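# the following block contains a protein sequence and its predicted model.
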Amino acid sequence: MLVRLMYASRAVGAVDDDDLLAILRKSKTNNPSHGITGVLCYSEGVFIQVLEGGRSAVNRLYNRIVGDARHTDVVLLSYEEIGERRFANWSMGQVNMHRLNPALLLKYSERATLDPYAVSGKVSMALFEELVSTASVMGQS
């Protein structure tokens, strides 16, 4: 059974480009063997991530993330059983924040900032869907 999970969290410390690259490399190394695909977005101390895969594998990974001391304010935005993956092409893709049009953020929220704590999980997922369709995700596997 496939599931799609979306969560948000705040980074405990500063995350620079090298840290983010290390996270993505580790995900791209580990996720394929567990059948997990997804997309990660990081902006101004906030992570939003979509994970897709088998229920057990996704649940185990999410539980590790919740227990990871580098995250705080972990919030489950969406969890659903799915018939097919939406992010199958990414062992872990990354939203390219440099290509992100502020108007897209305004389409889904009050301000042109990425704040999953201020919108519903459904709205956050709609934003991710649009980011993928507008080629704002890099790191295709």
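Alright, I've got the coordinates. Since the structure is predicted, the reported quantities are computational estimates derived from the model, not experimental observations.
# please, where are all the strands along this structure?
Ranges of strands in the chain, per DSSP state E, are 2-11, 37-43, 46-54, 71-82, 93-95, 137-138.
# could you check the pLDDT of the most centrally placed residue in the chain?
Closest to where the C-alpha atoms of the chain average out (CA atoms, centre = their mean) is Q49, at 1.5 Å. Predicted confidence (pLDDT) for Q49: 90.
# what's the biggest helix by length in the chain packed up against?
Ranked by residue count, the top helix of the chain under DSSP state H comes out as helix 17-34. On a contact count with 3 or more CB pairs under 8 Å, 6 or more residues apart in numbering; DSSP states H and E, helix 17-34 meets strand 37-43, strand 46-54, helix 55-67. For glycine as for every other residue, the C-beta is placed from the backbone atoms N, C-alpha and C.
# which one, of these, ends up nearest to M125?
M125 sits nearest to strand 46-54 of all those, at 7.4 Å, using CB to CB.
# end-to-end on stretch 70-89?
27 Å (CA to CA, to the nearest Å).
# contacts for it next, please.
By CB atoms under 8 Å, 6 or more residues apart in numbering, the surrounding residues in contact with stretch 70-89 are 1-13, 37-39, 47-48, 50, 52, 55, 62, 65-66, 93, 116-117, 120-122, 124-125, 129, 132, 140-141.
# repeat that with 7 Å
If you take CB atoms under 7 Å, 6 or more residues apart in numbering as the criterion, stretch 70-89 is touched by 1-12, 37-39, 50, 52, 65-66, 93, 116-117, 121, 124-125, 129, 132, 140-141.
# filter these down to the buried ones, ChimeraX style.
To isolate the buried subset of these in ChimeraX, counting by 16 or more other CB atoms under 10 Å, use the following:
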select :2,3,4,5,6,7,8,9,11,37,38,39,50,52,65,93,116,121,124,125,132
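# put together a markdown table for the helices and strands packed on helix 17-34, with distance to V75 on each row.
Output for the helices and strands packed on helix 17-34, formatted as a markdown table (distance: least, CB to CB, whole Å):
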| stretch | distance to V75 |
| --- | --- |
| strand 37-43 | 14 |
| strand 46-54 | 10 |
| helix 55-67 | 10 |
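# okay then, goodbye and thanks.
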